[in-house]
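Asker: sequence and predicted model, in that order:
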Amino acid sequence: MSQPVNVVSIHPYFKVHAGKMEEFKAALAAFIERTATEPKNLYYDFTVNGDIVYCREAYVGADGLLAHLENVGALLGPLMKLADVQRVEVHGPAAELEKLKGPLAGLNPQWFTYMFGVKR
């Protein structure tokens, strides 16, 4: 399978509040259900290390990521009552990252510009 050259990924790390892990995990089902309908989503999954939950997700272009945020936006408020965002990273080609800097400024992400790698 060939990947598009304009892949953008976002990497949020959540620190789940004490005693809220099961409720947090249950809330993720709605995120997965909504994200499954997004045509520009390449992958979307969660991993856990103690009380830290990491969301691994990628999209075709900045517009794919912005469409995702709009799609799950209403779900974020309730989720943020269960956890705090520790950090957010955004990875992708410079031109795609530029499109995201304004819309994602409130997340205060770390920006990682694509250099080179293996393409399939």
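Answerer: Ah, there it is. Numbers count the residues shown, from 1 in each chain.
Asker: can you pull the contacts of Met21?
Answerer: Asp51 (CB atoms under 8 Å, 6 or more residues apart in numbering). C-betas here are computed from N, CA, C, even on glycine.
Asker: next: the one 3 residues further on.
Answerer: Listed by CB under 8 Å, 6+ apart, the contact partners of Phe24 are 14, 16, 53, 79, 82-83.
Asker: contacts for stretch 84-102 next, please.
Answerer: 5-15, 17, 52, 61-63, 65-66, 104, 107-114.
Asker: Asp51 versus the residue located most distally from the centre of the chain, what's the distance?
Answerer: What lies farthest from the middle of the chain is Gly19; by CA atoms, centre = their mean that is 23.8 Å. Distance, Gly19 to Asp51, using CB to CB, to the nearest Å: 10 Å.
Asker: please name the nearest non-neighbouring residue to Leu28.
Answerer: Leaving aside its sequence neighbours, Leu28 sits nearest to Phe46 (CB to CB, 6 or more residues apart in numbering; 6.0 Å).
Asker: I figured the one you found hits Ala29, correct?
Answerer: No - using CB atoms under 8 Å as the test, Phe46 is too far from Ala29 to be in contact (10.7 Å).
Asker: quick one: which of the contacts of Phe24 sit in helices?
Answerer: Leu79 (DSSP state H).
Asker: which of the contacts of Phe24 sits closest to Glu70?
Answerer: Ranked by distance to Glu70 (CB to CB), the contacts of Phe24 are led by Leu79 at 15.7 Å.
Asker: contacts only, for the closest one.
Answerer: If you count contacts by CB under 8 Å, 6+ apart, then Leu79 has 14, 24, 27, 31 around it.
Asker: was I right to think the third one contacts Gly77?
Answerer: Which is Ala27. No - applying CB under 8 Å, one finds Ala27 not in contact with Gly77, separated by 11.0 Å.
Asker: more neighbours: these two, which one.
Answerer: Ala27 (16 against 8; other CB atoms under 10 Å).
Asker: how near is that one to Met115?
Answerer: 36 Å.
Asker: coming back round to it: which residues touch the residue nearest to Leu28?
Answerer: 28, 53-56.
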